[in-house]
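**Student:** With the input below, show me the fold.
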Amino acid sequence: MSSDSPNAVDTDVHQVKPAFPTGSNELPAARRASTSNREAAPDVNAPYGLSPAEINWSRIQQDLESRGYMLRPRYRPGWVGSWVGTNKRPEKCEDSIQLLEPIIVLDAVRIKDGRQVLLKLWAQNVRDGSELGVLQYFSDQSRANDPANHCVPLLETLRFEEWSDSFSLILVEPLFRSWREPPFVMVAEGLSFILQALEGLEYMHANNVAHGDVHGGNILMDAGSMFPDGFHGAFNLNPHHRMPEKHLRRLTRLQAPVKYYYIDFGSSSMFPSYEERKPVLLTAAVWLPPEFEANKDAPLDPFKQDIFALGMTLMNEIRYRPGLHFTLPILEGMIEEKPEDRPTATEIKKRFEDFLTAVEPKRMRRALGWTWASGHTIRERIGDFMEYLKVRRDSFKYGLPRELFPTRTIP
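**Tutor:** Numbers count the residues shown, from 1 in each chain. Sure thing, here's the model as predicted:
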């Protein structure tokens, strides 16, 4: 599926928030001496050396290692690019990938088991304060294993007193991947994504939590089973610098079923009960509902705003995929102008499930295709068609996604 429209930039909001909110230009005194020599030396990695956004992460690498997490070689003390002194082209080396924008997230590896994780700087402030409570709530043992729970799990929190002037905690989450990579090529893949997105929103709302900023960049895919040997964590953070992944072992979504997760709960609203729900001011969102445009200072129903935002997210993607156009009549009610005319999360999920019972397996196995407005080249279309043939074959070998057939035998 394609990226969002210009007025709804599809970027994980992690990338547009300042990294190290305070003290980004001043190291704690205990750290200055240990890093000054390294920073004053000529940069043999230029012009692929660490960007200002990356330097702060390199400064805490050793502290992270002491707590059981290792950043990529690029961020370790004394790093020299793998191309230096060789005939290798830097742009072909994975450790040349720069992250130029201020970032509060970075991939890492958990040392004890080699698991790929995401580290996120979290500060106790108005902008991000709500996120920790929501993550802890949905990661509680009583909810973590619920199949309907599509909220990113919180694995651990790390506190570093010496960095308290820069951030409060580092949140440790699984390393997930953009759900667009690889792109959907079969109708069944798109239907599974839609259903899981609806299910995840229903689960949040049933627990009196509104996400507050649903958009394409705030939904990720647990691709661990698709990439048994892992994938490069920098791809999520710098998607324009994609090194070839042909060498990676990759399975199809039918061989290795995936689960989609909501991330980034910094704009979320959490209520003790249904009776205590109340309108809130919209703090930050990609998709702005009509009621906000009508009065930007008025509180709004965050649950109806979620419905609108997910509806816009799905419909904006579907418009480029002819194979999914037949779902639009079911979803279009999510973006009704009046919030009271929009369905609840439970209602729209039920409508979609009822709709699926009438979709024949033959249609689910069709190619999704791309509209010409998507901008995909002939070469990309041919590549997707070849991938489609592989996925179609797997659909007979492994069956179609199980969740699409809650009351029917999987064909």
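**Student:** can you tell me which residues contact G399?
**Tutor:** Counting by C-beta atoms under 8 Å, 6 or more residues apart in numbering, G399 touches L254, I410, P411. For glycine as for every other residue, the C-beta is placed from the backbone atoms N, C-alpha and C.
**Student:** residue ranges for the strands of this protein, please.
**Tutor:** 69-70, 105-110, 115-122, 156-158, 169-174, 177-178, 209-210, 219-222, 259-262, 269-270 (DSSP state E).
**Student:** low-scoring stretches of the stretch 101-250 of the chain, by residue?
**Tutor:** 126, 235-246 (pLDDT under 70).
**Student:** which one of the strands of the chain is the most hemmed in?
**Tutor:** Mean neighbour count (mean count of other C-beta atoms under 10 Å) peaks for strand 209-210 among the strands of the chain, with a mean of 26.
**Student:** now for that strand, which elements pack on it?
**Tutor:** helix 129-138, strand 269-270, helix 302-318 (3 or more C-beta pairs under 8 Å, 6 or more residues apart in numbering; DSSP states H and E).
**Student:** Could you check the angle the first one makes with strand 115-122?
**Tutor:** Right, the one you point to is helix 129-138. Orientation of helix 129-138 against strand 115-122 (axes from the mean of the first three to the mean of the last three C-alpha atoms, to 10 degrees) gives an angle of 140 degrees.
**Student:** list the helices and strands helix 129-138 packs on?
**Tutor:** In terms of contacts (3+ C-beta pairs under 8 Å, 6+ apart), helix 129-138 is packed against strand 169-174, strand 209-210, strand 269-270.
**Student:** mind checking which of these is nearest A309?
**Tutor:** Proximity to A309 (C-beta to C-beta) singles out strand 209-210 among the helices and strands packed on helix 129-138, at 9.9 Å.
**Student:** The helices and strands packed on strand 209-210 into TSV, with extra columns for distance to M70?
**Tutor:** Formatted as TSV, the helices and strands packed on strand 209-210 follow (distance: least, C-beta to C-beta, whole Å):
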stretch	distance to M70
helix 129-138	23
strand 269-270	33
helix 302-318	34
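**Student:** Next up, phi/psi of the residue nearest to T371 when sequence neighbours are not counted, please.
**Tutor:** Distances taken as C-beta to C-beta, 6 or more residues apart in numbering place Y320 nearest to T371, at 5.2 Å, with adjacent residues excluded. Phi and psi for Y320, reported as degrees, to the nearest 10, are phi -90, psi 0.
**Student:** Isn't Y320 up against W370?
**Tutor:** Yes - with contact defined as C-beta atoms under 8 Å, Y320 reaches W370; the gap is 6.0 Å.
**Student:** Would you map out the domains in this structure?
**Tutor:** With automatic domain parsing as the criterion, the domains of the chain are listed as 13-30+49-174, 177-240+248-404.
**Student:** for this structure, what spans make up the helices?
**Tutor:** Ranges of helices within the chain are 29-40, 52-59, 61-66, 129-138, 141-144, 187-206, 234-237, 290-294, 302-318, 328-331, 345-356, 361-364, 378-397, based on DSSP state H.
**Student:** will you turn the ones you listed into a markdown table that also has mean neighbour count and distance to K338?
**Tutor:** What follows is those, written out as a markdown table (neighbours: other C-beta atoms under 10 Å; distance: least, C-beta to C-beta, whole Å):
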| stretch | mean neighbour count | distance to K338 |
| --- | --- | --- |
| helix 29-40 | 11 | 55 |
| helix 52-59 | 20 | 42 |
| helix 61-66 | 16 | 49 |
| helix 129-138 | 18 | 27 |
| helix 141-144 | 10 | 33 |
| helix 187-206 | 22 | 19 |
| helix 234-237 | 20 | 37 |
| helix 290-294 | 14 | 8 |
| helix 302-318 | 23 | 9 |
| helix 328-331 | 14 | 17 |
| helix 345-356 | 17 | 15 |
| helix 361-364 | 15 | 33 |
| helix 378-397 | 14 | 39 |
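**Student:** Can you say which of these is nearest to W179?
**Tutor:** Of all the helices of the chain, helix 187-206 sits nearest to W179, with 6.5 Å by C-beta to C-beta.
**Student:** Keeping just the C-alphas, turn the closest one into PDB.
**Tutor:** Listed in PDB are the C-alpha atoms of helix 187-206, where the atom choice follows Å, rounded to 0.1, in the frame of the first residue of the first chain:
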ATOM      1  CA  VAL A 187      -6.300  -9.500  -1.500                       C
ATOM      2  CA  ALA A 188      -6.200 -11.800   1.600                       C
ATOM      3  CA  GLU A 189      -3.100 -10.000   3.000                       C
ATOM      4  CA  GLY A 190      -4.900  -6.600   2.800                       C
ATOM      5  CA  LEU A 191      -8.100  -8.000   4.400                       C
ATOM      6  CA  SER A 192      -6.100  -9.500   7.200                       C
ATOM      7  CA  PHE A 193      -4.400  -6.100   7.900                       C
ATOM      8  CA  ILE A 194      -7.800  -4.300   7.900                       C
ATOM      9  CA  LEU A 195      -9.400  -6.900  10.200                       C
ATOM     10  CA  GLN A 196      -6.400  -6.800  12.700                       C
ATOM     11  CA  ALA A 197      -6.400  -3.000  12.700                       C
ATOM     12  CA  LEU A 198     -10.100  -3.000  13.500                       C
ATOM     13  CA  GLU A 199      -9.700  -5.700  16.200                       C
ATOM     14  CA  GLY A 200      -6.800  -3.800  17.800                       C
ATOM     15  CA  LEU A 201      -8.800  -0.500  18.000                       C
ATOM     16  CA  GLU A 202     -11.800  -2.400  19.400                       C
ATOM     17  CA  TYR A 203      -9.700  -3.900  22.100                       C
ATOM     18  CA  MET A 204      -8.200  -0.500  23.100                       C
ATOM     19  CA  HIS A 205     -11.700   1.100  23.200                       C
ATOM     20  CA  ALA A 206     -13.100  -1.800  25.200                       C
END
